[in-house]
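In: coords please:
(one chain, ligands or ions: 1)
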Amino acid sequence: MLKDPTKVGKIWFDGKMVDAADANVHFLAHSLQYAGTVFEGERSYGGQLFKLRKHTERLFSGADVLGFSIPFSMDVIDRACQQVLKTNGLVDGYVRPAAWRGSDKVGLSPIGASVHVAIAAWDWPSYFSPGKKMEGIRLTHSHWRRPDPQTAPTQAKASGLYQICTMSKQIAEEQGFDDALMLDYRGLVAEATGANIFFVINGKLHTPIADCFLNGITRQTVIDIAGLRNIEVIERKIMPDEIATADEAFLTGTAAEITPIGSIGDIYLKPGRVCQQFISDYSELTSGRSESLKV
Ligand SMILES: Cc1ncc(COP(=O)(O)O)c(C=O)c1O
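Out: Down below sits the predicted model:
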(Lines give C-alpha, C1' and ligand atoms only; values in the text may rest on other atoms or scores of the structure.)
Protein backbone atom coordinates (compact mmCIF):
# COMPACT_ATOMS: atom_id res chain seq x y z
CA MET A 1 0.00 0.00 0.00
CA LEU A 2 1.43 3.36 -0.97
CA LYS A 3 -0.68 6.27 0.25
CA ASP A 4 1.68 9.23 -0.06
CA PRO A 5 4.03 8.84 -3.03
CA THR A 6 5.82 12.08 -2.16
CA LYS A 7 7.13 10.61 1.12
CA VAL A 8 7.01 6.83 0.91
CA GLY A 9 8.34 4.32 -1.61
CA LYS A 10 10.50 4.69 -4.67
CA ILE A 11 10.37 6.88 -7.74
CA TRP A 12 12.12 6.27 -11.04
CA PHE A 13 14.05 9.47 -11.69
CA ASP A 14 16.13 9.95 -14.83
CA GLY A 15 16.89 6.26 -15.05
CA LYS A 16 17.48 5.47 -11.38
CA MET A 17 15.19 4.28 -8.61
CA VAL A 18 15.42 6.83 -5.77
CA ASP A 19 13.67 7.32 -2.44
CA ALA A 20 10.45 9.29 -2.93
CA ALA A 21 11.66 12.05 -0.63
CA ASP A 22 14.75 12.56 -2.83
CA ALA A 23 12.84 12.93 -6.13
CA ASN A 24 12.99 16.73 -6.14
CA VAL A 25 13.04 19.44 -8.80
CA HIS A 26 14.59 22.90 -8.45
CA PHE A 27 11.99 25.68 -8.27
CA LEU A 28 13.67 27.40 -11.22
CA ALA A 29 12.94 24.40 -13.46
CA HIS A 30 11.95 25.81 -16.84
CA SER A 31 8.78 23.71 -16.97
CA LEU A 32 7.70 24.80 -13.49
CA GLN A 33 8.13 28.47 -14.38
CA TYR A 34 6.60 28.25 -17.85
CA ALA A 35 4.12 25.33 -17.61
CA GLY A 36 5.95 22.99 -19.97
CA THR A 37 5.58 19.56 -18.39
CA VAL A 38 3.96 16.63 -20.17
CA PHE A 39 2.59 13.82 -18.08
CA GLU A 40 0.53 10.65 -18.14
CA GLY A 41 -1.90 8.86 -15.88
CA GLU A 42 -1.98 5.09 -16.17
CA ARG A 43 -3.74 2.36 -14.22
CA SER A 44 -2.66 -1.17 -13.53
CA TYR A 45 -5.18 -3.93 -13.05
CA GLY A 46 -3.88 -7.16 -11.55
CA GLY A 47 -0.32 -5.96 -12.13
CA GLN A 48 -0.85 -5.12 -15.84
CA LEU A 49 -0.76 -1.49 -16.98
CA PHE A 50 -3.76 -0.99 -19.25
CA LYS A 51 -2.77 0.34 -22.72
CA LEU A 52 0.69 1.18 -21.43
CA ARG A 53 2.22 1.70 -24.86
CA LYS A 54 -0.52 4.11 -25.90
CA HIS A 55 0.17 6.22 -22.81
CA THR A 56 3.91 6.17 -23.49
CA GLU A 57 3.32 7.18 -27.09
CA ARG A 58 1.17 10.11 -25.92
CA LEU A 59 3.89 11.20 -23.48
CA PHE A 60 6.41 11.24 -26.34
CA SER A 61 4.12 12.96 -28.82
CA GLY A 62 3.22 15.58 -26.19
CA ALA A 63 6.92 16.30 -25.63
CA ASP A 64 7.33 16.58 -29.36
CA VAL A 65 4.48 19.13 -29.57
CA LEU A 66 6.15 21.14 -26.79
CA GLY A 67 9.44 21.00 -28.71
CA PHE A 68 11.60 18.70 -26.64
CA SER A 69 12.78 15.09 -26.92
CA ILE A 70 12.56 12.57 -24.14
CA PRO A 71 16.08 11.25 -23.59
CA PHE A 72 14.96 7.60 -23.19
CA SER A 73 13.37 5.12 -25.55
CA MET A 74 9.70 4.14 -25.29
CA ASP A 75 10.77 0.63 -24.30
CA VAL A 76 12.80 2.03 -21.40
CA ILE A 77 9.84 4.14 -20.21
CA ASP A 78 7.43 1.17 -20.50
CA ARG A 79 9.76 -1.00 -18.45
CA ALA A 80 10.32 1.78 -15.91
CA CYS A 81 6.53 2.16 -15.40
CA GLN A 82 6.24 -1.55 -14.67
CA GLN A 83 9.31 -1.46 -12.44
CA VAL A 84 7.90 1.42 -10.33
CA LEU A 85 4.70 -0.51 -9.72
CA LYS A 86 6.53 -3.66 -8.78
CA THR A 87 9.14 -1.97 -6.58
CA ASN A 88 6.36 -0.26 -4.62
CA GLY A 89 4.42 -3.51 -4.21
CA LEU A 90 1.41 -2.24 -6.16
CA VAL A 91 -0.85 -4.56 -8.11
CA ASP A 92 -3.84 -2.27 -8.74
CA GLY A 93 -2.25 1.15 -8.81
CA TYR A 94 -1.96 4.46 -10.60
CA VAL A 95 1.26 5.39 -12.41
CA ARG A 96 2.29 8.97 -13.16
CA PRO A 97 5.18 9.52 -15.61
CA ALA A 98 6.17 13.13 -16.30
CA ALA A 99 8.78 14.79 -18.52
CA TRP A 100 9.95 18.36 -18.08
CA ARG A 101 12.66 20.87 -18.84
CA GLY A 102 15.17 21.42 -16.04
CA SER A 103 16.58 24.45 -14.27
CA ASP A 104 19.75 24.88 -16.32
CA LYS A 105 17.98 27.52 -18.45
CA VAL A 106 16.38 30.34 -16.48
CA GLY A 107 15.11 32.51 -19.33
CA LEU A 108 12.07 32.10 -21.52
CA SER A 109 13.95 30.40 -24.34
CA PRO A 110 13.93 26.64 -23.77
CA ILE A 111 16.68 25.91 -26.28
CA GLY A 112 19.39 23.81 -24.71
CA ALA A 113 17.48 23.07 -21.51
CA SER A 114 17.97 19.58 -20.12
CA VAL A 115 15.01 17.21 -20.19
CA HIS A 116 14.10 15.00 -17.24
CA VAL A 117 11.70 12.13 -16.71
CA ALA A 118 10.31 10.71 -13.48
CA ILE A 119 7.70 8.07 -12.74
CA ALA A 120 5.79 7.60 -9.50
CA ALA A 121 3.03 5.16 -8.53
CA TRP A 122 0.44 5.05 -5.80
CA ASP A 123 -2.88 3.54 -4.73
CA TRP A 124 -5.84 5.32 -6.24
CA PRO A 125 -8.80 2.96 -6.06
CA SER A 126 -11.53 5.36 -7.24
CA TYR A 127 -11.31 8.91 -8.58
CA PHE A 128 -14.83 9.72 -7.37
CA SER A 129 -16.25 8.16 -4.20
CA PRO A 130 -17.64 4.67 -4.98
CA GLY A 131 -21.14 5.55 -3.61
CA LYS A 132 -21.33 8.59 -5.86
CA LYS A 133 -20.18 6.46 -8.74
CA MET A 134 -23.35 4.36 -8.41
CA GLU A 135 -25.86 7.20 -8.14
CA GLY A 136 -23.99 9.42 -10.59
CA ILE A 137 -21.72 12.36 -9.90
CA ARG A 138 -22.91 15.96 -9.84
CA LEU A 139 -21.36 18.35 -12.36
CA THR A 140 -21.61 22.09 -12.40
CA HIS A 141 -20.76 24.31 -15.37
CA SER A 142 -17.31 25.84 -15.54
CA HIS A 143 -17.00 29.37 -16.87
CA TRP A 144 -13.57 28.47 -18.28
CA ARG A 145 -13.57 27.27 -21.87
CA ARG A 146 -11.29 24.77 -23.57
CA PRO A 147 -9.05 26.80 -25.86
CA ASP A 148 -8.83 26.94 -29.62
CA PRO A 149 -6.07 24.53 -30.88
CA GLN A 150 -4.41 27.63 -32.30
CA THR A 151 -4.22 29.12 -28.81
CA ALA A 152 -2.80 26.11 -26.94
CA PRO A 153 -1.37 22.65 -27.72
CA THR A 154 -4.71 21.00 -26.96
CA GLN A 155 -3.81 17.44 -28.00
CA ALA A 156 -0.81 17.22 -25.65
CA LYS A 157 -1.33 16.15 -22.07
CA ALA A 158 0.60 19.22 -21.05
CA SER A 159 0.53 20.86 -17.62
CA GLY A 160 -0.28 24.34 -18.97
CA LEU A 161 -3.66 23.11 -20.19
CA TYR A 162 -4.56 22.01 -16.69
CA GLN A 163 -4.52 25.51 -15.21
CA ILE A 164 -8.18 26.08 -16.16
CA CYS A 165 -9.02 22.48 -15.23
CA THR A 166 -7.71 22.77 -11.67
CA MET A 167 -9.42 26.15 -11.24
CA SER A 168 -12.70 24.71 -12.51
CA LYS A 169 -12.38 21.65 -10.28
CA GLN A 170 -11.63 23.79 -7.23
CA ILE A 171 -14.70 25.99 -7.76
CA ALA A 172 -16.90 22.91 -8.39
CA GLU A 173 -15.77 21.18 -5.21
CA GLU A 174 -16.03 24.33 -3.12
CA GLN A 175 -19.64 24.60 -4.27
CA GLY A 176 -20.36 20.97 -3.32
CA PHE A 177 -20.16 19.46 -6.82
CA ASP A 178 -17.92 16.61 -7.87
CA ASP A 179 -16.63 18.13 -11.08
CA ALA A 180 -17.37 20.67 -13.79
CA LEU A 181 -18.43 20.44 -17.41
CA MET A 182 -16.34 22.64 -19.67
CA LEU A 183 -17.49 24.11 -22.95
CA ASP A 184 -15.01 24.86 -25.72
CA TYR A 185 -14.05 28.21 -27.21
CA ARG A 186 -17.05 27.96 -29.57
CA GLY A 187 -19.52 27.31 -26.74
CA LEU A 188 -19.90 23.60 -27.59
CA VAL A 189 -19.86 20.87 -24.94
CA ALA A 190 -16.25 19.70 -24.55
CA GLU A 191 -15.40 17.53 -21.54
CA ALA A 192 -15.00 17.52 -17.75
CA THR A 193 -11.84 18.78 -16.02
CA GLY A 194 -9.98 15.46 -16.37
CA ALA A 195 -12.24 13.14 -18.34
CA ASN A 196 -14.19 12.93 -21.59
CA ILE A 197 -17.98 12.85 -21.77
CA PHE A 198 -20.58 10.65 -23.49
CA PHE A 199 -24.36 11.06 -23.68
CA VAL A 200 -26.82 8.23 -24.31
CA ILE A 201 -29.68 9.43 -26.52
CA ASN A 202 -32.22 6.93 -27.81
CA GLY A 203 -29.81 4.03 -27.35
CA LYS A 204 -26.92 5.70 -29.24
CA LEU A 205 -23.76 7.23 -27.83
CA HIS A 206 -23.14 10.89 -28.62
CA THR A 207 -19.81 12.46 -27.78
CA PRO A 208 -18.14 15.75 -28.73
CA ILE A 209 -15.53 15.66 -31.51
CA ALA A 210 -12.13 15.70 -29.81
CA ASP A 211 -10.76 18.57 -31.89
CA CYS A 212 -9.70 20.88 -29.04
CA PHE A 213 -9.23 18.55 -26.08
CA LEU A 214 -7.65 15.20 -25.33
CA ASN A 215 -8.95 12.27 -27.37
CA GLY A 216 -8.70 10.10 -24.27
CA ILE A 217 -7.47 6.54 -24.42
CA THR A 218 -10.55 5.50 -22.40
CA ARG A 219 -12.76 7.45 -24.82
CA GLN A 220 -11.26 5.49 -27.72
CA THR A 221 -11.72 2.24 -25.78
CA VAL A 222 -15.41 3.03 -25.15
CA ILE A 223 -15.88 3.72 -28.87
CA ASP A 224 -14.27 0.34 -29.63
CA ILE A 225 -16.48 -1.45 -27.07
CA ALA A 226 -19.55 0.24 -28.56
CA GLY A 227 -18.51 -1.11 -31.97
CA LEU A 228 -18.37 -4.65 -30.59
CA ARG A 229 -21.77 -4.16 -28.93
CA ASN A 230 -23.28 -2.75 -32.14
CA ILE A 231 -24.04 0.52 -30.39
CA GLU A 232 -23.77 3.45 -32.75
CA VAL A 233 -21.39 6.23 -31.69
CA ILE A 234 -21.99 9.70 -33.07
CA GLU A 235 -19.08 12.13 -32.70
CA ARG A 236 -20.53 15.54 -33.30
CA LYS A 237 -20.88 19.13 -32.17
CA ILE A 238 -23.08 19.08 -29.07
CA MET A 239 -24.78 22.25 -27.87
CA PRO A 240 -25.24 22.71 -24.09
CA ASP A 241 -29.05 22.87 -24.44
CA GLU A 242 -29.02 19.34 -25.88
CA ILE A 243 -27.94 17.89 -22.52
CA ALA A 244 -31.60 17.89 -21.47
CA THR A 245 -32.38 15.38 -24.25
CA ALA A 246 -29.96 12.76 -22.86
CA ASP A 247 -31.24 9.60 -21.19
CA GLU A 248 -27.89 8.90 -19.52
CA ALA A 249 -24.41 10.38 -19.50
CA PHE A 250 -21.01 9.27 -18.27
CA LEU A 251 -17.40 10.38 -18.02
CA THR A 252 -14.45 8.36 -19.28
CA GLY A 253 -10.82 8.57 -18.26
CA THR A 254 -7.99 6.50 -16.90
CA ALA A 255 -8.56 7.89 -13.40
CA ALA A 256 -12.35 8.24 -13.66
CA GLU A 257 -12.74 4.96 -15.61
CA ILE A 258 -16.48 4.95 -16.53
CA THR A 259 -18.32 7.26 -14.13
CA PRO A 260 -22.08 7.82 -14.51
CA ILE A 261 -23.36 11.39 -14.24
CA GLY A 262 -26.36 12.15 -11.99
CA SER A 263 -26.72 15.82 -12.84
CA ILE A 264 -25.22 18.62 -14.91
CA GLY A 265 -26.25 21.99 -13.51
CA ASP A 266 -29.99 21.78 -13.01
CA ILE A 267 -30.49 18.87 -15.42
CA TYR A 268 -30.95 15.51 -13.69
CA LEU A 269 -29.97 12.23 -15.30
CA LYS A 270 -30.43 8.69 -14.12
CA PRO A 271 -27.55 6.24 -14.61
CA GLY A 272 -29.17 3.30 -16.34
CA ARG A 273 -28.64 0.17 -18.38
CA VAL A 274 -26.18 1.63 -20.89
CA CYS A 275 -23.90 3.12 -18.19
CA GLN A 276 -23.95 -0.20 -16.34
CA GLN A 277 -23.12 -2.11 -19.53
CA PHE A 278 -20.07 0.04 -20.23
CA ILE A 279 -18.90 -0.09 -16.60
CA SER A 280 -19.11 -3.85 -16.68
CA ASP A 281 -17.46 -4.18 -20.12
CA TYR A 282 -14.64 -1.82 -19.16
CA SER A 283 -14.05 -3.73 -15.96
CA GLU A 284 -13.93 -7.04 -17.87
CA LEU A 285 -11.55 -5.57 -20.39
CA THR A 286 -9.14 -3.99 -17.92
CA SER A 287 -9.06 -7.12 -15.80
CA GLY A 288 -8.05 -9.10 -18.86
CA ARG A 289 -10.95 -11.52 -18.17
CA SER A 290 -12.76 -10.88 -21.41
CA GLU A 291 -11.85 -12.73 -24.56
CA SER A 292 -14.72 -11.33 -26.66
CA LEU A 293 -13.98 -7.69 -25.77
CA LYS A 294 -10.36 -7.49 -26.83
CA VAL A 295 -9.98 -3.97 -28.21
C1 LIG B 1 -8.46 16.82 -19.56
C2 LIG B 1 -8.59 15.35 -19.75
N3 LIG B 1 -9.45 14.90 -20.67
C4 LIG B 1 -9.61 13.57 -20.88
C5 LIG B 1 -8.88 12.64 -20.17
C6 LIG B 1 -9.07 11.18 -20.43
O7 LIG B 1 -7.93 10.63 -21.02
P8 LIG B 1 -7.54 9.12 -20.84
O9 LIG B 1 -8.77 8.33 -21.10
O10 LIG B 1 -6.50 8.90 -21.85
O11 LIG B 1 -7.07 8.94 -19.45
C12 LIG B 1 -7.97 13.07 -19.22
C13 LIG B 1 -7.17 12.12 -18.47
O14 LIG B 1 -6.02 11.96 -18.74
C15 LIG B 1 -7.81 14.46 -19.01
O16 LIG B 1 -6.96 14.92 -18.09
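
In: whichever residue of the stretch 1-150 of the chain sits closest to the ligand: neighbouring residues, count only.
Out: Relative to the ligand, the nearest point of the stretch 1-150 of the chain is residue 41 (5.0 Å; C-beta to the nearest ligand atom). The way it works is simple: take the backbone N, C-alpha and C, and place the C-beta from them, glycine included. Neighbourhood size, residue 41 [other C-beta atoms under 10 Å]: 18.

In: show me what contacts it?
Out: 55, 94, 95, 96, 253, 254, 255 (C-beta atoms under 8 Å, 6 or more residues apart in numbering).

In: got a list of contacts for the lowest-mean-pLDDT helix or strand in the chain?
Out: Within the chain, no helix or strand scores below helix 130-135, which has a mean of 78 by mean pLDDT, DSSP states H and E. For helix 130-135, the external contacting residues (C-beta under 8 Å, 6+ apart) are 126, 138, 178, 259, 260, 262, 271.

In: go again with 6 Å.
Out: 259, 262 (C-beta atoms under 6 Å, 6 or more residues apart in numbering).

In: buried ones in it, by neighbour count?
Out: residue 133 (16 or more other C-beta atoms under 10 Å).

In: show me what counts as buried in the following helix or strand past it.
Out: Using DSSP states H and E, the helix or strand that follows helix 130-135 in sequence is strand 137-146. Buried positions in strand 137-146, judged by neighbour count with 16+ other C-beta under 10 Å: 137, 138, 139, 140, 141, 142, 144, 145, 146.

In: redo these as JSON lines? Include pLDDT and distance to the ligand.
Out: Output for the buried residues of strand 137-146, formatted as JSON lines (pLDDT from 0 to 100; distance: C-beta to the nearest ligand atom, whole Å):
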{"residue": "137", "pLDDT": "97", "distance to the ligand": "15"}
{"residue": "138", "pLDDT": "97", "distance to the ligand": "19"}
{"residue": "139", "pLDDT": "98", "distance to the ligand": "14"}
{"residue": "140", "pLDDT": "98", "distance to the ligand": "16"}
{"residue": "141", "pLDDT": "98", "distance to the ligand": "16"}
{"residue": "142", "pLDDT": "98", "distance to the ligand": "12"}
{"residue": "144", "pLDDT": "98", "distance to the ligand": "12"}
{"residue": "145", "pLDDT": "98", "distance to the ligand": "13"}
{"residue": "146", "pLDDT": "98", "distance to the ligand": "8"}
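
In: contacting residues around residue 252?
Out: 195, 196, 218, 219, 222, 258.

In: how close does the fourth one sit to residue 201?
Out: In this structure, residue 219 and residue 201 are separated by 17 Å, where distance is defined by C-beta to C-beta, to the nearest Å.

In: ok, these two, which is more surrounded?
Out: Neighbours per residue, other C-beta under 10 Å: of residue 219 and residue 201, the larger number sits with residue 219, 24 against 15.

In: now the closest residue to that one other than its chain neighbours: how far from residue 222?
Out: Residue nearest to residue 219 in three dimensions, not counting chain neighbours: residue 196, with 4.1 Å by C-beta to C-beta, 6 or more residues apart in numbering. Distance of residue 196 to residue 222, computed by C-beta to C-beta: 8 Å.
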